[in-house]
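**Q** Sequence and predicted structure below; questions after.
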Amino acid sequence: MGTKLYVGNLGYGISDSDLEQLFAAHGTVRSAQVILDRATGRSKGFGFVEMGSEQEAQAAIAALNDKEIEGRSLTVSEARPREGGGGRGRGGGGGGRRY
């Protein structure tokens, strides 16, 4: 069990500081980040919060999962590691001249 939480179904007007304030009522917030679309700069509607301890993370999940914020029901759960190793792969070899 970790302290990093996934927060889904966020309203598009929610900022990093809004997210931090929402979770601060349940413990120490180490970081809070709303994920933005690179092209438009708009929220993608989800983010991540890192709590100070497992107990605080569990308290935040219990209190905020399914809670309605700005007319949307939040999804709060333990964050899972990215699959596929993250990042863009560099499709092996080549690139040089062939004689």
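**A** It's in. Residues are numbered from 1 along each chain as shown.

**Q** Going by C-alpha atoms from here, please, whenever you check contacts or count neighbours.
**A** Fine.

**Q** ranges for the helices of the chain?
**A** Listed in chain order, the helices of the chain (DSSP state H) span residues 16-24, 54-64.

**Q** Point out the most buried one among the ones you listed.
**A** When neighbours are counted by mean count of other C-alpha atoms under 10 Å, the highest per-stretch mean among these falls to helix 54-64, a mean of 19.

**Q** angle of that helix against helix 16-24?
**A** With axes from the mean of the first three to the mean of the last three C-alpha atoms, to 10 degrees applied, the angle from helix 54-64 to helix 16-24 works out at 100 degrees.

**Q** export helix 54-64 as PDB, just CAs?
**A** Output for helix 54-64, consisting of C-alpha atoms alone and laid out as PDB, is shown next (Å, rounded to 0.1, in the frame of the first residue of the first chain):
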ATOM      1  CA  GLU A  54      -0.600   5.300   4.500                       C
ATOM      2  CA  GLN A  55      -3.100   6.100   7.300                       C
ATOM      3  CA  GLU A  56      -3.700   9.600   5.900                       C
ATOM      4  CA  ALA A  57      -4.000   8.100   2.400                       C
ATOM      5  CA  GLN A  58      -6.600   5.600   3.600                       C
ATOM      6  CA  ALA A  59      -8.500   8.400   5.500                       C
ATOM      7  CA  ALA A  60      -8.600  10.500   2.400                       C
ATOM      8  CA  ILE A  61      -9.900   7.600   0.300                       C
ATOM      9  CA  ALA A  62     -12.600   6.900   2.800                       C
ATOM     10  CA  ALA A  63     -13.700  10.500   3.100                       C
ATOM     11  CA  LEU A  64     -13.400  11.600  -0.600                       C
END
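
**Q** could you give the mean pLDDT of that helix?
**A** Along helix 54-64, the predicted confidence averages to a pLDDT of 97.

**Q** what residues does it touch?
**A** Judged by C-alpha atoms under 8 Å, 6 or more residues apart in numbering, the contacts made with helix 54-64 from elsewhere in the structure are 1-5, 23, 26-28, 50-51, 74-77.
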